[in-house]
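>>> Build me a model from this:
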Amino acid sequence: MFIGIDASSSKRLEKLAREDLHFQKLFNYSEGTSSPELLNLSNFSIMEALFKALNCPTLFPRSEIRISREENGMPKLHLTGRMQETWKNYSFAVSVTHIEDLIIAVVVADSNTTEQA
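You can find the predicted model right below:
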C-alpha cells in the first residue's frame with residue numbers, strides 16, 4: 001500500500017493557472033462545472049498526491065491521468081497509456097478537501113494482487 005498527500009495553497013495554484021499555458025491546457029476539461037477553478041485546483045492537488053504515493057513525479061506525463069467525479073462528488077482516478085500499464089494491478093482511493101486557502105488531497109494506492117507465502 002502506498003499513500004500520498006498534497007497540501008497546496010489555492011492562491012499559488014491560481015497564479016500558476018493564470019501564468020502557465022501547460023497548466024491551462026491540462027485542466028480545460030472542467031468547463032461547465034459549478035466551480036471550475038476549484039475543481040481544477042483540486043485535480044492538480046490530487047495528481048500531486050498520486051505522484052507522491054507512487055514515488056514517480058517525473059516518469060509519467062500528467063496527460064495520462066484523468067479525474068472524474070462520482071454522483072456524490074467523490075473524485076475517481078483513471079490512468080491511461082504507460083501509467084495504466086505500469087499500475088494496472090493497483091486500485092486507488094482518493095479524498096480531497098479545502099478550507100480557505102488550503103487544498104488537501106490524499107491518494108491511497110493498493111495492490112489488487114495478494115502475495116502468497
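
>>> Could you count how many residues lie near Ala49?
Counted with other Cβ atoms under 10 Å, the burial measure for Ala49 works out to 25 neighbours. Any C-beta I mention is one placed from the backbone N, CA and C, and that applies to glycine too.

>>> quick one: what helix or strand has it in it?
Assigned by DSSP states H and E, Ala49 belongs to helix 36-54.

>>> Okay, buried residues for that helix please.
Applying a neighbour-count criterion of 16 or more other Cβ atoms under 10 Å, the buried positions in helix 36-54 are 38-54.

>>> can you give me the offset of it from its chain's centre?
Between the centre of helix 36-54 and the centre of its chain there are 3 Å (Cα atoms, centre = their mean, to the nearest Å).

>>> With stretch 100-117 instead?
11 Å.

>>> Stretch 72-81 too?
From the chain centre to the centre of stretch 72-81 is a distance of 8 Å (Cα atoms, centre = their mean).

>>> Give the buried residues for it.
Of the residues in stretch 72-81, Pro75, Leu77, Leu79 count as buried by neighbour count, 16+ other Cβ under 10 Å.

>>> Also stretch 60-69?
By neighbour count on 16+ other Cβ under 10 Å, the buried set for stretch 60-69 is Phe60, Arg62, Ile65, Ile67.
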